[in-house]
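J.: got a predicted structure here, sequence first:
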Amino acid sequence: MQWPGAYCDTKHSCCYPKTGKPTADFSIHGLWPNHKDGSWPSNCDPDSVFDRSEISNLMGSLQKNWPSLSCPSSNGFRFWSHEWEKHGTCSESELDQHDYFASALKLKEKVNLLSTLKKAEIEPDDGFYSLDSIVKAIEAATGYVPGIECNKDSAGNSQLYQVYLCVDTSGSDIIECPILPRGRCASTVQFPKF
Ligand code: AMP
């Protein structure tokens, strides 16, 4: 999951989707099959090209929860197609294209990161919060230690950028991460406005 306020505050530019500025919420970056040693496969099936007709019933939810922020402004298909072809095709035996996107959406709903953090008084107000307090709040709500990835804004502030949680091969249950990504966070991180 990704905080759009941090994506849009990095050196690379960001563009809102054609449907308008996304609501201030965490958004999905991707659902990524990983090996237990931290390595991961990619682009596993060149024959399984992204087919937008398979996700037509998820369109509204994808636009809201999985917006593309890269430039130029888009309708999301490019980003979703990238995620499916690079990552989704590697868990095709468990989740077909429709279920891949549906599972990611369900997981986001289940975790509800923003309300979890707000309950712990950690809010996207440009304030600085200890990394530890962010980890603890998510651990208390989900039962699992998340991986936190930070970016640096142009002023050099370490910002809350992405939150990793691991799921089992069915794509439905959160599990303990065998390996957490190294997140480049300072001990205190900014939670930027969006
Ligand atoms: P991945 O290839 O799935 O590891 O994701 C990395 C790619 O996704 C990079 O090209 C990023 O620039 C791109 N990316 C990350 N977040 C977003 C976003 N919110 N919208 C569009 N592209 C993104």
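T.: Great, that's in hand.
J.: which helix is the longest one in the chain?
T.: Ranked by residue count under DSSP state H, the longest helix found in the chain is helix 97-111.
J.: list the buried residues in whichever helix or strand comes after that one.
T.: Downstream of helix 97-111, the first helix or strand assigned by DSSP states H and E is helix 113-119. For helix 113-119, the buried set under the neighbour-count rule, 16 or more other CB atoms under 10 Å, comprises 113-114, 116-117. All C-beta spots, glycine's among them, are computed from the backbone N, C-alpha and C.
J.: cool, stretch 180-194 as well?
T.: By neighbour count on 16+ other CB under 10 Å, the buried set for stretch 180-194 is 180, 183, 185, 189-192, 194.
J.: which two in the buried residues of helix 113-119 are spaced the farthest apart?
T.: Taking CB to CB as the measure, these span a maximum distance of 7.2 Å, between L114 and T116.
J.: how about the residues of the chain near the ligand?
T.: Along the chain, the residues adjacent to the ligand under the rule CB under 6 Å from any ligand atom are 2, 7, 29-30, 68-70, 79, 83, 86-87.
J.: residues near N112, how many?
T.: N112: 15 surrounding residues under other CB atoms under 10 Å.
J.: distance of it from V163?
T.: Between N112 and V163 the distance, using CB to CB, to the nearest Å, works out to 12 Å.
J.: what's the closest non-adjacent residue to Y129?
T.: I122 (5.1 Å; CB to CB, 6 or more residues apart in numbering).
J.: circling back to that earlier point, filter the residues of the chain next to the ligand down to just the ones in helices.
T.: Secondary structure from DSSP H places 7, 79, 83, 86 of those in helices.
J.: returning to that earlier point: Throw the buried residues of helix 113-119 into JSON lines and include pLDDT, thanks.
T.: JSON lines is the format used below for the buried residues of helix 113-119 (pLDDT from 0 to 100):
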{"residue": "L113", "pLDDT": "98"}
{"residue": "L114", "pLDDT": "98"}
{"residue": "T116", "pLDDT": "98"}
{"residue": "L117", "pLDDT": "98"}
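J.: nothing else from me, thank you.
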